[in-house]
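> coords below, sequence missing:
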């Protein structure tokens, strides 16, 4: 969803949702539990144990390289005897629990304070592949409901992010923040926008990289006050990676 396009500020910051401002494995575990509900008790226990181990993200684990927790659960369940529509139904069921005791999330430390001051200079945008299910309630529970000017759900990143960029890049400098390079940042990088990558592993094209958002506040404030990369579009890619739930 999106409110009317009014661009009163010179900068725009586009945030991803899951793994960026809504942190924790609570929703992932809720997703796994929803899948497990269709299994025998023994199979469900084995599957949930495997997911819990994989979520420790130990180096060398077969699922350690999954792009996010949702992909991790999907890969862990590939050999299970589940119906074709089980994963989608389980995902939607888990979103109905978002930010409840059954699927808890937390916000990055200091994010509300950062957004409060950032909105003096920037329009704050949320762009997520997730459906419009308990997004507003989650932002409220995290103390962030007052700071997002525009919210886009079911975006269909990576390709779908271009429509958001089309709307906001003409207004002035744009910064995209997320935890999955291909989905949240590569489309913005290709268009010459600034990127902030939340990862333990630096990306060669990211302007800013840190494991946590809190480590980037100083750099993001510098960007807001005029220190930002001039647009230099990357060479176009021939194929786009598949969208993942994020």
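Alright, I've got the coordinates. If you're wondering where the values come from, they're calculated on a predicted model, not measured in any experiment.
> Which pLDDT value belongs to the residue of the chain most remote from its centre?
Going by C-alpha atoms, centre = their mean, the residue of the chain most distant from its centre is residue 42, 32.9 Å out. The model reports residue 42 with a pLDDT of 95.
> Report the secondary structure state of it.
Assigned state for residue 42: helix (three-state reduction, DSSP: H, G, I helix; E, B strand; the rest coil).
> what's near enough to touch it?
Shown in contact with residue 42 (C-beta atoms under 8 Å, 6 or more residues apart in numbering): no residues. Placement of C-beta: from N, CA and C, glycine included.
> Nearest residue to residue 109 in space, ignoring adjacent ones along the chain?
Closest residue in space to residue 109, ignoring its immediate chain neighbours: residue 214 at 5.0 Å, by C-beta to C-beta, 6 or more residues apart in numbering.
> for the one you found, helix, strand, or coil?
helix.
> Report pLDDT for it.
95.
> ditto for residue 65
At residue 65, the predicted lDDT confidence score is 77.
> cool, and residue 243?
On pLDDT, residue 243 comes in at 49.
> same check, this time on residue 201
For residue 201, the model assigns a pLDDT of 89.
> Could you report the separation of residue 66 from residue 117?
35 Å (C-beta to C-beta, to the nearest Å).
> Same drill for these two, tell me which one is more crowded.
It is residue 66, of residue 66 and residue 117, that has more neighbours when counted by other C-beta atoms under 10 Å, with 19 against 12.
> List the contacts of the more buried one.
Residue 66 touches 54, 72, 75, counting by C-beta under 8 Å, 6+ apart.
> May I ask which of those residues has the most neighbours?
residue 72 (23 neighbours).
> In a strand, it, correct?
No. Read with three-state DSSP, residue 72 is helix and lies in no strand.
> separation between it and residue 199?
Distance from residue 72 to residue 199, by C-beta to C-beta: 16 Å.
> and if you look at residue 174?
Taking C-beta to C-beta, one finds residue 174 at 20 Å from residue 199.
> neighbour count winner among those two?
Using other C-beta under 10 Å as the criterion, residue 174 and residue 199 rank with residue 174 on top: 25 against 16.
> What backbone torsions are found at the more buried one?
Note on residue 174: its backbone torsions stand at phi -130, psi 140 [degrees, to the nearest 10].
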